[in-house]
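Asks: based on what follows, work out the 3D shape:
(chains A and B)
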Amino acid sequence: MKANLISLLSIAKKEIIRIFRIWVQTLVPPVITMTLYFIIFGSFIGSQLLDIGGYDYMAFIAPGLIMMSIITNSYTNTVSSFFSAKFQRNVEELLVSPTPNWVIVLGYVVGGMSRGLSVGLLVALVSLAFVRLPLYSLTYAVLFAVLTSFVFALAGMVNGIFAKKFDDISIIPTFVITPLTYLGGVFYSLALLPDFWQIVSKANPIIYMIGGFRYGFLGITDISVWLGVVMLLMFSVLLFIVNLFLLDKGYGIRT
Amino acid sequence: MNALSIENLYKTYGSGFEALKGISLDVREGEFFGLLGPNGAGKTTTIGIITSLVTKTAGKVKVFGIDIDDDFPAAKRLIGVVPQEYNFSIFEKVQDIVTQQAGYYGMPYQQAMAHAEKYLRKLGLWEKRSVSARELSGGMKRRLMIARGLVHEPKLLILDEPTAGVDVELRRGMWTFLEELNRDGRTIILTTHYLEEAEHLCNTIGIINHGMLVENTSKRELLRKLDMETFIFETSAPVVSLSPLENVSFNLIDETTVEATKSKARSLNEIFIHFEANNVFIESMRNKSNRLEELFLGMVEK
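Replies: Numbering: from 1, shown residues only, chains lettered A, B, ... in the order given. Sure thing, here's the model as predicted:
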């Protein structure tokens, strides 16, 4: 067990060193993008809008923007890092070692979470320049941030395992994750939608992640927070099993 | 005890290509084993199966008695592998590449550092420990892979074409290093295209061709099978005429170069006496190719 822990820490350390080695690519761009969102949507447009749930528009979108950063960066880190390890073949360093597959998955996921949560923290710090964000429940804020980061890091790993070329690592983020995140209540409350679109929106799992995280800060929510926690736990277990299954089968890594 | 036992190993790839067709071989502990064969013969597939990068279709593989089907992690702890192509992240620092690998084998960091220093020093890379791998020369990258393969102190070291593309001086240096490792009791399996390398280093040789093991014996026994040998003679003056000699075939390459292929029945002394009788005086002489190469070509061309 001690050997597995050392192995896990070695993978995680390698991933974290990578994130900070290329900080100009990993940490700076999302912070700049989110700063622009705060300026354009929060200050320029938001100042013209009515309060939502008793909070001004800037306070309403801040948790959504932080969560959007966590989702995107957790996913991007594992997919790009695992794919590049396959592409450069340095994944073989791990495969020839006695490291169990569950440790490999966790190691990469810790890397993804490190980037997702670091960027989330940086965006949260940037938001303080624009709004005094309340903290209703630290437990819910941390719980949703950590679980969502875990789920998207696992999802990125699945994508990384399947990816055969560079195009394959951007298809899901571009065509699935980004639209679902934008439609996941970052910029608006579900209550503003017609009934039909409220029902449709509730089929989008990201709405529960953003909703739960926002609840941690503002104490207001459009969704069931507990349903969000249960959903995140279910996705965590399911995606972890999928990753293990794929690695055990050697999909994309063994011939 | 056998460091490696392979029994009826088969591998058929998804494309239907049969890379291995029932290979069986044993490598005894402490041996320096050479696995030879032309491109596509199945050498890298065999190594891939032993190190888990390739899944076997059928057969048994045991490493120091541990069946890889029963406990692959335990078997992997005993193996160090140096692949044919660079497979480290070129953006990482030399020292990090080696210590991370030790970590994957569960080695605590302090111990990993001590081992990394030992092998990076031995392989002349210690001064480069803080540079990123992309800044290393080709020869240094190869040595880095050897240091990485040794950092967890494996009992069996497998090297797949370790000196491909390496200059002569460096190759000789690597040979000395590998011989030292073997003398210290480490079992070494080497695949190589340089038959001179196999002849110099290995005490047992297996030859794979078309996915089958066509030879597996000691180098001494293998060379004993070689019954013909070719020499090139440079003469001090143009050769005017050369009478035939039984069990030797002469071939005049140019007016001062004679190629002679002799069987074991003839000694070189008799050939020299024959030259003298024909007023041909020899200035220098060399082997046409190394002995193993002749034997190898004879086997794989069958």
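Asks: quick one: low-confidence ranges for chain A?
Replies: Within chain A, not a single segment meets pLDDT under 70.
Asks: write out the residues of it neighbouring chain B.
Replies: Within chain A, the positions near chain B by CB under 8 Å from any CB of the partner chain are A:2-4, A:6-7, A:9-11, A:13-14, A:17-18, A:21, A:84-85, A:88-90, A:92-100, A:250, A:254-255. Using the backbone N, CA and C atoms, a C-beta is placed for each residue, glycine as well.
Asks: Produce a ChimeraX select command limited to the buried residues of those residues.
Replies: This is how ChimeraX selects the buried members of those, with burial counted by 16 or more other CB atoms under 10 Å in any protein chain shown:
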select /A:3,4,6,7,10,11,13,14,17,18,84,85,89,90,92,93,94,95,96,97,98,99,100,250
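Asks: could I get stretch B:132-150 in PDB with only the CA atoms?
Replies: The C-alpha trace of stretch B:132-150 is given here as PDB (Å, rounded to 0.1, in the frame of the first residue of the first chain):
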ATOM      1  CA  SER B 132      15.600  19.200 -19.800                       C
ATOM      2  CA  ALA B 133      15.900  15.900 -21.800                       C
ATOM      3  CA  ARG B 134      15.400  17.700 -25.100                       C
ATOM      4  CA  GLU B 135      18.800  19.400 -24.700                       C
ATOM      5  CA  LEU B 136      20.600  16.000 -24.500                       C
ATOM      6  CA  SER B 137      22.400  14.500 -27.500                       C
ATOM      7  CA  GLY B 138      21.200  11.300 -29.000                       C
ATOM      8  CA  GLY B 139      23.800   9.200 -27.100                       C
ATOM      9  CA  MET B 140      22.900  11.000 -23.800                       C
ATOM     10  CA  LYS B 141      19.300  10.200 -24.400                       C
ATOM     11  CA  ARG B 142      20.100   6.500 -24.800                       C
ATOM     12  CA  ARG B 143      22.200   6.600 -21.600                       C
ATOM     13  CA  LEU B 144      19.300   8.400 -19.800                       C
ATOM     14  CA  MET B 145      17.000   5.500 -20.700                       C
ATOM     15  CA  ILE B 146      19.500   3.000 -19.300                       C
ATOM     16  CA  ALA B 147      19.800   5.000 -16.000                       C
ATOM     17  CA  ARG B 148      16.000   5.100 -15.900                       C
ATOM     18  CA  GLY B 149      15.800   1.300 -16.500                       C
ATOM     19  CA  LEU B 150      18.200   0.600 -13.700                       C
END
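Asks: would you mark the buried spots in it?
Replies: B:132-133, B:136, B:139-150.
Asks: and the least confident of those residues?
Replies: On pLDDT alone, residue B:139 ranks lowest of those, at 86.
Asks: how would you label the residue lying closest to that residue once chain neighbours are set aside: helix, strand or coil?
Replies: Closest residue to residue B:139 apart from its sequence neighbours, by CB to CB, 6 or more residues apart in numbering or on different chains: residue B:170 at 4.6 Å. When classified by DSSP: H, G, I helix; E, B strand; the rest coil, residue B:170 comes out as helix.
Asks: before we move on, what about residue B:214?
Replies: Looking at residue B:214 with three-state DSSP, the answer is strand.
Asks: do residue B:188 as well
Replies: Classified using three-state DSSP, residue B:188 is strand.
Asks: check contacts around it.
Replies: B:31, B:32, B:33, B:156, B:157, B:158, B:159, B:178, B:181, B:182, B:201 (CB atoms under 8 Å, 6 or more residues apart in numbering or on different chains).
Asks: do residue B:97 as well
Replies: Residue B:97 touches B:88, B:89, B:133, B:144, B:148, counting by CB under 8 Å, 6+ apart.
Asks: what do you get for residue A:38?
Replies: Here residue A:38 is in contact with A:58, A:62, A:65, A:126, A:127, A:129, A:130 (CB under 8 Å, 6+ apart).
Asks: what about those, which one has the most neighbours?
Replies: Among these, residue A:62 has the most neighbours (other CB atoms under 10 Å in any protein chain shown), with 28 neighbours.
Asks: apart from its chain neighbours, what residue comes closest to that residue?
Replies: Going by CB to CB, 6+ apart, residue A:62 has residue A:127 as its nearest residue, at 4.4 Å.
Asks: my read is that the one you found contacts residue A:65, right?
Replies: Yes. Using CB atoms under 8 Å, residue A:127 is in contact with residue A:65, at 7.1 Å.
Asks: distance of the nearest residue to residue A:193 once chain neighbours are set aside from chain B?
Replies: Once flanking residues are discounted, residue A:193 sits nearest to residue A:201: 6.4 Å by CB to CB, 6+ apart. Going from residue A:201 to chain B by CB to the nearest CB, to the nearest Å gives 42 Å.
Asks: residue A:148 reaches residue A:72, doesn't it?
Replies: No. If you go by CB under 8 Å, residue A:148 and residue A:72 don't touch, sitting 11.0 Å apart.
Asks: looking at those two, which is more packed in?
Replies: residue A:148 (29 against 21).
Asks: residues contacting the more buried one?
Replies: A:67, A:70, A:71, A:74, A:209, A:213, A:232.
Asks: filter those down to just the ones in helices.
Replies: A:67, A:70, A:71, A:74, A:209, A:213, A:232 (DSSP state H).
Asks: could you export these as a markdown table, including distance to residue B:231 and neighbour count?
Replies: As requested, these are arranged in a markdown table below (distance: CB to CB, whole Å; neighbours: other CB atoms under 10 Å in any protein chain shown):
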| residue | distance to residue B:231 | neighbour count |
| --- | --- | --- |
| A:67 | 79 | 29 |
| A:70 | 74 | 31 |
| A:71 | 73 | 28 |
| A:74 | 69 | 30 |
| A:209 | 79 | 29 |
| A:213 | 82 | 27 |
| A:232 | 78 | 21 |
